[in-house]
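K.L.:
Okay, here's the prediction I keep looking at, along with the sequence it came from:
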Amino acid sequence: MSQQSPGKKRGLSRPVEVVRAELLKDPETKRIADAVGMKLEDYVELVLEYAQDKDKEPMLNVVSDEELKANGFPVHTVEEVGEFLVAGAKGELPGQGNPFAKSEFEGSKGDASGKPSLNPTGEVAKAPQDEAKRQELIDQLKKDKGSGGPRG
């Protein structure tokens, strides 16, 4: 293992100007900046600050609920925070988008007995066909083809 000298910062291997330009052009970076409520340029500078010094720890301030209220910030319950984290994991937060929403798929709830069923009513349901939506999904598959990496 190599030892880093205490005064030397570990950071980017490419020039910061190149990385800055890439981040400013990247639509995902813009989406994240919007989601956290920052201007794109400010968000990129913050990202670069941490990217240039891998040993820098993020600043974390712990304040009481009373101090938050006094400064005009909303105070959330444990349940609300939990719901927020679950929504984030599901991709349901504003600005995240939902890549599965285009399929308009809705899972069946099964029959009344609570047991899963592939065909709870015994009838074969015909899904409505939207040719434009179908072609959009096919085009998306063609565009993304090969981006999933090697498969089993």
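P.N.:
Structure's in. What do you need?
K.L.:
In the protein, where is pLDDT below threshold?
P.N.:
When residues are selected by pLDDT under 70, those of the chain lie in 1-9, 95-126, 145-152.
K.L.:
Break this protein into its domains for me.
P.N.:
If you go by automatic domain parsing, the domain ranges for the chain are 12-59, 61-95.
K.L.:
just those domains: most buried one?
P.N.:
Mean neighbour counts were compared across the domains of the chain using mean count of other CB atoms under 10 Å; the top stretch is domain 12-59, at a mean of 13. Heads up, the C-betas are built off the backbone N, CA and C, glycines and all.
K.L.:
coming back round to it: any chance of TSV for the domains of the chain, columns distance to residue 139?
P.N.:
Formatted as TSV, the entries for those read as follows, by distance: least, CB to CB, whole Å:
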stretch	distance to residue 139
domain 12-59	18
domain 61-95	21
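K.L.:
Of all those domains, which one comes closest to residue 142?
P.N.:
domain 12-59 (20.1 Å; CB to CB).
K.L.:
what's the span of that closest one from first residue to last?
P.N.:
Criterion CA to CA, to the nearest Å; first-to-last residue distance in domain 12-59 is 21 Å.
K.L.:
hmm, back to that, of the domains of the chain, which is nearest residue 135?
P.N.:
Nearest to residue 135 among the domains of the chain is domain 12-59; the distance by CB to CB comes to 23.3 Å.
K.L.:
how about the helices of the protein, start to end?
P.N.:
16-25, 27-35, 40-52, 65-70, 78-90, 131-144 (DSSP state H).
K.L.:
Dump those helices to JSON lines, plus distance to residue 58.
P.N.:
Formatted as JSON lines, the entries for the helices of the chain read as follows, by distance: least, CB to CB, whole Å:
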{"stretch": "helix 16-25", "distance to residue 58": "18"}
{"stretch": "helix 27-35", "distance to residue 58": "15"}
{"stretch": "helix 40-52", "distance to residue 58": "7"}
{"stretch": "helix 65-70", "distance to residue 58": "19"}
{"stretch": "helix 78-90", "distance to residue 58": "18"}
{"stretch": "helix 131-144", "distance to residue 58": "33"}
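K.L.:
quick one, which of those is nearest to residue 59?
P.N.:
Of all the helices of the chain, the one in closest proximity to residue 59, counting by CB to CB, is helix 40-52 (10.7 Å).
K.L.:
Quick one: residues in contact with the closest one.
P.N.:
9, 11-12, 16, 19-20, 23-24, 29-30, 32-33, 36, 38, 56, 58 (CB atoms under 8 Å, 6 or more residues apart in numbering).
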